[in-house]
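have a look at this prediction, sequence included:
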Amino acid sequence: MARTPMPSSIEALRDLVAQQQSDLARQQETIDELSRLLSFLREWKRLAQSQRFGRKSERFVDDQALLFNEAELEAANAPEAHTEPVTVPAHERRRAGRKPLPDHLPVEEIVHDLADDQKVCPSDASHALVEIGRETSEKLRFIPAEIVRERHIRPKYACPVCKHGVRTAPLPPQPIPKSMATPSLLAQVATAKYVDGLPLYRQEKIFARHGIELPRATLGQWMVRMGDLVEPLVDRIRQEIREGSLVQCDETPFQVLKEPGRRAQSPSYLWVLRGGTREHPLLLYEYDPSRSGEVPKRLLRGFRGFLQTDGYEGYGAIGREPGVVHVGCWAHARRKFDEALRGQRSNKKPKNAKQSKARQGLSQIQALYAIERSLKEASPHERLRVREERSRPVTEKLRTWLDGSLGTLPPQTLTGKALAYLDHQWPKLVRVLNDGRIPLDTNGVENAIRPFVVGRKAWLFADTMAGARASANLYSLVETAKANGLEPWRYLNLLFTHLPAVERPEQLPTLLPNRLPTGTLDR
């Protein structure tokens, strides 16, 4: 084994020691860098495990006793988390029990009466019993789906003398002329797919069990035709959303297989707008191959008011348009801290104050939500007053805490990313305090995307661009119907019945889900 030759002088020995120290320093730097990387990877691993196997809710309920005790570790550098008690409005306690059945269900009364020989007094048979009241209970009976053949018969008439001029009564306007599909059947296929997430190939099998051959290609063509039929109504929804004062916007991937000049694996997107009023919301779904900022600019052309979105930079262009006030989403800021806390969570208590910053940030944002929950039924004017009085001081404390926390953690950590996101979005986030009509977050439009995401797990993709646009149009109507308290099948059945007969544009608004008179679907 070769030995390192001994240096021949003191200077050479010093050079060797210096070289070894330099090598050790570089090795220590590598070790420190790998340790930091390992720490980041473990944090991301814990977050991934929590997202896959843990709770889905972002509600912050565990380890509550440690919320403010841990914050004391940095009491010298950060203000205390907001602990002002929140007044909960008085409410009536509901009695537990079964909810009443819907009034629109048909009722079949079944009377269970005593036999005639039992309607006498048990003490004296000469005394006949008289009815003094009735005990009533309700049950639900299920009748399997029934398919009926409608045979439309039109007598033909002609003059027996002139031998010409045959006359027959015209058919009522049909959603798909010369098709076997009735409004009720089309409403069923659309509801099953766009509300219940049932792919067309499964519906094909269901019809086959009834002895009816309806290939999925035929069902798909019907849905495309329905998407075209309702296009004027969707245009009216788009127009009314643009004319409103508040719009929420979000987007989600939507794979379309056959797009000109694009691979089947190329991602496309479904954009969603939520507008209208609190009592009568409007939802617009629109397919586009792009996720660029030009899409929301096109969707909201002419809009003036508050635009509320998440932190995606693609909304920056429309947010800078004249008359548009871009507002942020506190739920996304809260989510970043929740993810950071999930990444840190372990069986051991955090050893230093840096590990508790995610908890501190999350608890202060939760204080805003606690105030907002007490304003659920408040008017916009009252909400603005309370936000100015109670929510603004909370945001000021949060801003002070944020300024003292920035730069204290590596930006690659989940908490570092949460701090940077909150700082970057801050100017848009605090704009919710300027108007009582603005929600604290974009949960309204995110909840509108959720049914599409659930359905997408079943049917996975759209085959063509025409199918994608039809799906977007039909989602717009069924989700707006649901948001306005309408049963989707009943609404679509009414719509597909009356829309083919519309002759003038001014007749369209009466068929919008937010314009239907109360009780229309009960007839």
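Cool, the structure landed.

could you report the neighbour count for K397?
The tally of other residues near K397 (other CB atoms under 10 Å) stands at 17. C-beta here means a position set from N, CA and C on the backbone, and glycine is covered the same way.

ok, M223 next?
M223 has 22 neighbours, counted by other CB under 10 Å.

gap between the host helix or strand of it and the chain center?
According to DSSP states H and E, M223 maps onto helix 216-229. Relative to its chain's centre, helix 216-229 lies at 25 Å (CA atoms, centre = their mean, to the nearest Å).

I figured V234 hits L284, correct?
Yes. With contact defined as CB atoms under 8 Å, V234 counts as touching L284 (7.0 Å).

that older thread, mind giving me the packing neighbours of the helix holding M223?
Judged by 3 or more CB pairs under 8 Å, 6 or more residues apart in numbering; DSSP states H and E, helix 216-229 is in contact with helix 183-194, helix 200-209, helix 465-483.

alpha carbons only: can I get the longest one in CSV?
Once side chains and other backbone atoms are set aside, the C-alpha atoms of helix 465-483 remain, and they are given as CSV (Å, rounded to 0.1, in the frame of the first residue of the first chain):
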residue,chain,number,x,y,z
MET,A,465,-63.6,20.1,-29.9
ALA,A,466,-67.3,20.1,-30.7
GLY,A,467,-67.9,17.7,-27.9
ALA,A,468,-65.8,19.8,-25.5
ARG,A,469,-67.8,22.9,-26.4
ALA,A,470,-71.1,21.1,-26.0
SER,A,471,-70.0,19.8,-22.6
ALA,A,472,-69.1,23.3,-21.5
ASN,A,473,-72.4,24.7,-22.6
LEU,A,474,-74.4,21.9,-20.8
TYR,A,475,-72.3,22.2,-17.7
SER,A,476,-73.1,26.0,-17.7
LEU,A,477,-76.8,25.3,-17.6
VAL,A,478,-77.0,22.3,-15.2
GLU,A,479,-74.6,24.0,-12.7
THR,A,480,-76.5,27.3,-12.9
ALA,A,481,-79.7,25.4,-12.3
LYS,A,482,-78.3,23.6,-9.3
ALA,A,483,-76.9,26.9,-7.9
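
packing partners for the helix or strand just after that helix?
Per DSSP H and E, the first helix or strand lying C-terminal to helix 465-483 is helix 488-498. Counting contacts by 3+ CB pairs under 8 Å, 6+ apart, helix 488-498 is packed against helix 183-194, helix 465-483.

got the contact list for the longest one?
I take that to be helix 465-483. 190-191, 194-195, 220, 223-224, 226-228, 230-231, 233-234, 237, 254, 256, 258-259, 268, 270, 281-287, 448, 451-452, 462, 487-488, 491-492, 495, 512-514 (CB atoms under 8 Å, 6 or more residues apart in numbering).

so in the protein, which helix runs the longest?
helix 10-53 (DSSP state H).

now that one: how far from the chain's centre is it?
The chain centre lies 44 Å from the centre of helix 10-53; the measure is CA atoms, centre = their mean.

now that helix: mean pLDDT?
For helix 10-53, the mean per-residue pLDDT is 76.

and that helix, what does it pack against?
The contact analysis (3+ CB pairs under 8 Å, 6+ apart) places helix 10-53 against helix 330-344, helix 414-429.

buried residues, the longest one. List them.
By neighbour count on 16 or more other CB atoms under 10 Å, the buried set for helix 414-429 is L414, T415, G416, K417, A418, L419, Y421, L422, Q425, W426, K428, L429.

which one among the residues you listed gets closest to K139?
L429 (51.3 Å; CB to CB).

from memory the closest one sits against H332, does it?
No. L429 is beyond contact range of H332, at 9.2 Å (criterion: CB under 8 Å).

how far away is the nearest residue to I438 once chain neighbours are set aside from T442?
Closest residue to I438 apart from its sequence neighbours, by CB to CB, 6 or more residues apart in numbering: V432 at 4.8 Å. Taking CB to CB, to the nearest Å as the measure, V432 falls 11 Å from T442.

hang on, the earlier thing: need the buried ones from the contacts of helix 465-483 selected in ChimeraX.
The ChimeraX selection below is limited to those of those classed as buried (16+ other CB under 10 Å):
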select :190,191,194,195,220,223,224,226,227,230,233,234,237,254,256,259,268,270,281,282,283,284,285,286,287,448,451,452,462,487,488,491,492,495,512,513,514
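
could you check the angle the strand ranked longest in the chain makes with helix 465-483?
The residue-count maximum for a strand in the chain (DSSP state E) belongs to strand 246-258. With axes from the mean of the first three to the mean of the last three CA atoms, to 10 degrees applied, the angle from strand 246-258 to helix 465-483 works out at 150 degrees.

within the sheet, what are the partner strands of strand 246-258, with directions?
strand 267-276 (antiparallel), strand 305-308 (parallel), strand 462-464 (parallel) (DSSP bridges).

turn the ones you listed into TSV, including distance to D403 and mean pLDDT.
Below are those laid out as TSV (distance: least, CB to CB, whole Å; pLDDT from 0 to 100):
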stretch	distance to D403	mean pLDDT
strand 267-276	33	94
strand 305-308	25	97
strand 462-464	47	87
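
in TSV, list those along with distance to V324.
Formatted as TSV, the strands paired with strand 246-258 follow (distance: least, CB to CB, whole Å):
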stretch	distance to V324
strand 267-276	13
strand 305-308	5
strand 462-464	31
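
any idea how the chain splits into domains?
What the record gives for the chain is the domain set 181-328+442-523, 329-441, from automatic domain parsing.

and of those domains, who's closest to S126?
Going by CB to CB, the one of those nearest S126 is domain 181-328+442-523, 50.0 Å.

quick one: the closest one to chain centroid distance?
Counting by CA atoms, centre = their mean, domain 181-328+442-523 comes out at 13 Å from the chain centroid.

over to stretch 419-426?
Put simply, stretch 419-426 sits 23 Å off its chain's centre (CA atoms, centre = their mean).

with only the CA atoms kept, save it in CSV.
The C-alpha trace of stretch 419-426 is given here as CSV (Å, rounded to 0.1, in the frame of the first residue of the first chain):
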residue,chain,number,x,y,z
LEU,A,419,-44.6,33.3,3.1
ALA,A,420,-43.5,34.4,-0.4
TYR,A,421,-47.0,33.7,-1.8
LEU,A,422,-48.7,35.7,0.9
ASP,A,423,-46.3,38.6,0.3
HIS,A,424,-46.7,38.5,-3.4
GLN,A,425,-50.5,38.4,-3.3
TRP,A,426,-50.9,40.8,-0.4
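
under the pLDDT cut-off, which ranges of the chain? List them.
Across the chain, residues meeting the criterion (pLDDT under 70) sit at 1-8, 40, 43-44, 46-47, 49-97, 345-355, 518-520, 522-523.

distance check, the closest residue to H280 other than its chain neighbours against F303.
Among residues not flanking H280 along the chain, N514 sits closest, at 3.8 Å (CB to CB, 6+ apart). Distance of N514 to F303, computed by CB to CB: 18 Å.

ok, R274 touching V247?
Yes. Here R274 reaches V247: they are 6.9 Å apart, a contact under CB under 8 Å.

thinking again about what came up before, out of the strands paired with strand 246-258, nearest to I143?
The minimum distance between I143 and the strands paired with strand 246-258 falls on strand 462-464, with 33.8 Å, by CB to CB.

in stretch 357-375, which residues are buried?
Going by neighbour count (16+ other CB under 10 Å), the buried part of stretch 357-375 is 357-369, 371-372, 375.

let me fix that, I meant to ask about stretch 229-246.
So, applying 16+ other CB under 10 Å, buried residues of stretch 229-246: L229, V230, L233, V234, R236, I237, R238, E240, I241, R242, G244, L246.

mind checking which of these are in strands?
L246.

what sits closest to S184 if chain neighbours are left out?
That would be N493: by CB to CB, 6+ apart, it lies 5.2 Å from S184.

how about the one you found, what does it touch?
P183, S184, A187.

for the first one, which residues are in contact?
Just to be clear, that refers to P183. P183 neighbours (CB under 8 Å, 6+ apart): P175, L492, N493, L495, F496, T497.

one more time with 7 Å
Counting by CB atoms under 7 Å, 6 or more residues apart in numbering, P183 makes contact with P175, N493, F496, T497.
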